[in-house]
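Undergrad: here is a sequence together with a model predicted from it:
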Amino acid sequence: MFTLREHTLPILPAGARELRVLHLSDAHMAPWQQRKQEWIARLAELAPDLVVNTGDNLGHAEGLAGIRHAFAGLRGVPGVYVHGSNDLYAPSP
């Protein structure tokens with residue numbers, strides 16, 4: 001199941017413009033997961049100001065094409081990224 005959780009945190013000074021942060025993690029993408037790719041792609045509709053990606057994007061050696069498709073709508077949005085173990089080493093049983 002893909003899950004979107006929304007939280008409002010009162011941490012900015014009074015009167016400051018709201019900041020929308022999208023945190024993505026653990027996509028574990030395989031090339032045949034079109035439903036997951038489309039779900040992630042629709043997250044661009046949230047119009048985030050910042051994307052935080054904490055890795056484990058890949059779940060298959062050929063998963064990069066699916067990740068590129070899924071994240072295409074977020075191109076140009078400022079972001080930060082941290083590699084997960086699956087982004088550096090191929091998954092194995």
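TA: Nice, thanks for sending it over. Residues are numbered from 1 along each chain as shown.
Undergrad: let me see the contact set for the most centrally placed residue in the chain.
TA: By C-alpha atoms, centre = their mean, the mean C-alpha position of the chain lies nearest to residue 24, the distance being 3.2 Å. Residue 24 sits next to 40, 43, 51-54 when contact means C-beta atoms under 8 Å, 6 or more residues apart in numbering. No exception for glycine: its C-beta is placed from N, CA and C like everyone else's.
Undergrad: ok, 6 Å please
TA: By C-beta atoms under 6 Å, 6 or more residues apart in numbering, the contact list for residue 24 reads residue 53.
Undergrad: who is it paired with across the strands?
TA: residue 53 (DSSP bridges).
Undergrad: roughly how far does it sit from residue 82?
TA: Distance of residue 24 to residue 82, computed by C-beta to C-beta, to the nearest Å: 11 Å.
Undergrad: before we move on, what about residue 17?
TA: Going from residue 17 to residue 82 by C-beta to C-beta gives 26 Å.
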